[in-house]
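[1] Dropping the sequence and predicted coords here.
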Amino acid sequence: MKRGFFKKALIAGILSTFLASSPNINAQEITPKPSLEQTLVSTEININYQTGDKEKNLDYSKAYSRFYNGNLYTNFPGLTTSEETQVEDIMNDIKTYNINSYEGLINSSNNLSEDQKLVFLSAISDSLGYGSYDTHYYSIEGFSQEIFFEKLQDYLATGDPNPIGVCKHIASHIEQLANDIGIKTAAVTGIDRYGGGHVYDISKTDKGTAIIDYGGILLIDTKNIEKALEEYQKNANSIAFQHFFFNDNNLKYRLITKDGKNFLKFVGYDETSETLKKELLSNNKKSPDLKIDVNLEDYLTSAKISCFGFFINAGEIRGNSSSPIDNLTLAQIGYDNSFSICSINIEPSADFTFGNGGLHGITGDLKVNTNNKEGLNLASRIAGEISWMKDVSLFNDLVFEVGASYKIPIEDGTIEPYVIGQAALLPEDLGTDRFKPRFNEIRAGVLSKIQASNDINLLFDSYYLGRIWENELGGNVKIETKNLELDIGGSVGFSNYEFCPDKYNMNIGAKAIFGDFTIGAKYNLNGTNYDGEIENQSSFSVNGSLKF
C-alpha cells in the first residue's frame, strides 16, 4: 500500500459514518469504491553486470645511481663504463668547483645521452636526499635554482649537511633541472614505501617513462603516465588514489587512478560537475522507499540497500595487474534523501566508509535546485570526500558548484541551455597540507527535448567541458518510446598539459521496458593517446530494474 492509504481510508470511514447518519442525505447515494492500492512500500531493485578488457602486465626495470666520495655507483641497464665515467666526471667537477654556477651545471650535460641524463639527475637527487634533506625546512617556500646548486656543491665538497628541505623541495629542483637539460619532467605527489605522503619526479623518455625517486630509477616501457604511476605504487607497495602534477611549483594536472575511480564509484562521490548537471536538467522523480542496487564489475563489486533515505553499502575493490591493491573490502553507512519545499528541491547526503588496512572515509553532499517547467532554473552543490589509511590521506576533495538553465518552449518540446561552474579546493603548492579554492571546471551545453509523435520522444544533449588541464566536447542522442530506449553518445578531449593525454569516448545502449520491469545493455569504449601511444579500453554491461 502507498503511505497515504491508511490516512485516506480513515477519512473516508469518518465521512461515510457521518453522511450515513444525516437525515437529509440518503446513505445509499454515497457508496465509497474500494481502493486498489496494494503496496505499502514502493520498491526498486537494480542489478548491473559489467565486464571489459583486462589490464596487461608492463615491462619495467629498476636502476640505481648514487654519487659518494667521488665515485658514481650505478646499475643502469645498457650504460657502458665510459658513459658512466662521463657522468662521474661531471659530479666531480661540481665537487671540485670546476663547475661554479647553475648555468654551468646545465651546460655540462649538453653532450650526455638521454640515459646518461637520467643517471645524472638521479645521482644529484640522491646526493640531496643524503646531504640536504631536513624536516625543519618543511614549510619554507623553497630556494632558487642557483642556491640549490650552491647547497649541492657545498655538501659534495665538504660532506657537511646543507639543508634544502624535504622531498617536495628536492623533487621540485630536480624537475626544473631536468626540463632545463631537455628531459620533460614533472614533480608528482604519491605515497612512499613507508606509507607516507611523498613527492618524486616523472619523466618522458624516448623509450617510455622514467620515475626518479632520489637514487632509485624505475624505467617503464609505456608512455601511459597513469600505468607508469600504478607500477611505481605497486613497487612501493602503497595505495594511491590520486596524483597531483606540478611544474615550477604550479599545479598542472590532477590524475585519479583506476583504484581511486573505483573507490569514488563505491562511495558515490563525483568530483566533477556531472552530478549537478543531472539535478539541474532532471525532473526530480521521487526515489522509492526501498531500493536495492547490485553492481558486478571486473574490479568492483557492491551491494547497497536504501530504506527511507538510510542506506548500507558493502563491496570489494580488486586491483588490476599493476595495482598495489590485491583486494580492498569496504562497508559504508549513510543517509541520502530528497525534500521539496515551495518548488525547491533539497538533497542532503552524508556517509562513513571503512575497510581493511585501516581505511576510513567521510563523504558529504548537499544539492539545492529549482524545478520550474518553464523559464529559469538554478542549482548549487557543495560536496566533499576525505579518505585515509593508517594516517595517510588517500583522497581529499571539496567542490563548490553553481549552475543555471533556461527552459524555452518550442513546438512539441523544449530547448534548455545550461552552464555550470565549479571551484575546487586544490593544493596551493607541492606541500599537500595547504589548499586553496581554485576555479576548476566549467560545463556548458544545450539539452533539447522533442516529441516527434505521440509515441516517440527525442533528446539531444551537446556540451563543452573545460578543466585546468583539458578541454572536452561531447554529445548524446536518446530516442524514447513506450517500450524501448536507444542511447548513443561520445566525447573527445584535448589536453592542455603534456602529461595529460588526449581522450575519447563512445557509448551505445538500448533498454527494453515492460511496465515496471526494464532490461538494457550498453557498450562503452574509452581511449587515450599519450604521445602517439593509443590504448582502447572497452566494456560491455547488462542491467535490469524492477519496480513494485
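    Looks like it arrived, so ask away. Numbers count the residues shown, from 1 in each chain.

[2] OK, contacts around residue 314?
    Listed by Cβ atoms under 8 Å, 6 or more residues apart in numbering, the contact set of residue 314 reads 302, 303, 304, 330, 331, 332. (Each C-beta comes from the backbone N, C-alpha and C, glycine too.)

[3] quick one: which of those sit in strands?
    Using DSSP state E, 302, 303, 304, 330, 331, 332 are the members of these that sit in strands.

[4] Give me the buried subset of those residues.
    Among the ones in strands among the contacts of residue 314, those classed as buried by 16 or more other Cβ atoms under 10 Å are 302, 304, 330, 332.

[5] ok, the first one touching residue 266?
    If I follow you right, that is residue 302. Yes. Assessed by Cβ atoms under 8 Å, residue 302 is found in contact with residue 266 at 5.6 Å.

[6] who touches both of those two?
    With Cβ under 8 Å, 6+ apart as the test, residue 302 and residue 266 both reach 313, 315, 330.

[7] List just the nearest of those residues to residue 82.
    Nearest to residue 82 out of those is residue 330 (Cβ to Cβ; 54.0 Å).

[8] List the buried residues in stretch 342-362.
    Within stretch 342-362, the residues scored as buried using 16+ other Cβ under 10 Å are 345, 347, 349, 351, 353, 355, 359, 361.

[9] And the next helix or strand past whichever strand or helix holds residue 494?
    Applying DSSP states H and E as the criterion places residue 494 in strand 484-495. Per DSSP H and E, the first helix or strand lying C-terminal to strand 484-495 is strand 502-514.

[10] who does that following strand touch, helix- and strand-wise?
    For strand 502-514, the contact count by 3 or more Cβ pairs under 8 Å, 6 or more residues apart in numbering; DSSP states H and E identifies strand 470-480, strand 484-495, strand 517-530 as packing neighbours.

[11] Next, the contact list for the nearest residue to residue 498 once chain neighbours are set aside, please.
    Nearest non-adjacent residue to residue 498, counting by Cβ to Cβ, 6 or more residues apart in numbering: residue 184, 6.2 Å away. Contact analysis of residue 184 by Cβ under 8 Å, 6+ apart lists 178, 203, 204, 498.

[12] quick one, phi/psi of the closest residue in space to residue 359 that isn't next to it in sequence?
    Nearest in space to residue 359, with sequence neighbours left out and distances taken as Cβ to Cβ, 6+ apart, is residue 389 at 4.5 Å. Main-chain torsions, residue 389, degrees, to the nearest 10: phi -140, psi 120.

[13] any idea how far the nearest residue in space to residue 228 that is not next to it in sequence lies from residue 58?
    Closest residue to residue 228 apart from its sequence neighbours, by Cβ to Cβ, 6+ apart: residue 209 at 3.9 Å. Noted for residue 209: a distance of 10 Å to residue 58, by Cβ to Cβ, to the nearest Å.

[14] Give me the more crowded residue out of these two.
    residue 209 (25 against 18; other Cβ atoms under 10 Å).

[15] and that one, what does it touch?
    202, 203, 219, 220, 222, 223, 224, 225, 228.

[16] Just the element for the fifth one, please.
    Translated: residue 222. Residue 222 belongs to no helix or strand, assigned by DSSP H and E.

[17] now the first one
    Following DSSP H and E, one finds residue 202 within strand 197-204.

[18] Wait, a strand at residue 76?
    No. Using DSSP: H, G, I helix; E, B strand; the rest coil, the secondary structure at residue 76 is coil, not a strand.

[19] That one against residue 120, yeah?
    No. With contacts counted by Cβ under 8 Å, residue 76 stays clear of residue 120, the gap being 10.5 Å.

[20] Tell me which of the two has more neighbours.
    More crowded of residue 76 and residue 120, by other Cβ under 10 Å: residue 120, with 26 against 20.

[21] Any regions of this protein where pLDDT drops low?
    For the chain, applying pLDDT under 70 flags the ranges 1-40, 53-56, 284, 431-433.

[22] hey, where'd the helices end up in it?
    All helices of the chain, identified by DSSP state H, fall at 5-21, 81-95, 102-107, 114-131, 145-158, 167-180, 225-236, 258-267, 274-281.
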